[in-house]
Structures are given as structure tokens and as C-alpha cells.
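*Asks:* Quick one, what's the 3D model for this:
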Amino acid sequence: MEEFLDKGHKIKVTIMFRGRENAKKQLGYDMAKNILEYFGDKIQIEKEPRKQGRMMIFIFGINKKHK
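*Replies:* Coordinates of the predicted model:
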């Protein structure tokens, strides 16, 4: 992911829930939070993590102020 961000690309993360995982959607939000915390202020969230059916999707790109 870091290579894509360094090149100026956006990243779309999709977390798919299967079976009983659907009942534990908080785990998906925690995973998304960990990814966003890893990059810190280097990224800018373009689409907040949202659950759509069986998937959770969010998009982020490089923060223009960070360059």
C-alpha cells in the first residue's frame, strides 16, 4: 500500500464478511481503524468505512499537505 501511496494513487480497501463474521461487524471496523492508524496523517480518508451488505469498503489517498 505504501508504494501506491508514494506514487500518488488512491487505495480502496474491501473487507468481506462470510458466515458468522456478519454478526461481528465491529471486527471489520477495528481492522479499518488499525489500517488508518498505521498511516497516520500521511493519508486523507476519501470515503469513510461503511458496511454494504457482506462487505465493508473505504477509500483513502495521500494527504496533499503531507508531501
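*Asks:* and residue 34, how many neighbours?
*Replies:* Counted with other Cβ atoms under 10 Å, residues neighbouring residue 34 total 9. For every residue, glycine as well, the C-beta is placed using N, CA and C.
*Asks:* And it, what's its pLDDT?
*Replies:* Confidence at residue 34, expressed as pLDDT, is 94.
*Asks:* Check which residues of the strand or helix carrying it are buried.
*Replies:* Under the assignment given by DSSP states H and E, the secondary-structure element containing residue 34 is helix 25-39. For helix 25-39, the neighbour count (16 or more other Cβ atoms under 10 Å) marks 28, 32, 35, 36, 39 as buried.
*Asks:* Can you tell me how far the second one is from residue 65?
*Replies:* When you say that, I think you mean residue 32. Distance of residue 32 to residue 65, given as Cβ to Cβ, to the nearest Å: 22 Å.
*Asks:* Can you give the strand pairings for whichever strand or helix holds residue 45, parallel or anti for each?
*Replies:* Using DSSP H and E, the element containing residue 45 is strand 43-52. In the sheet containing strand 43-52, its partner strands are strand 55-62 (antiparallel), by DSSP bridges.
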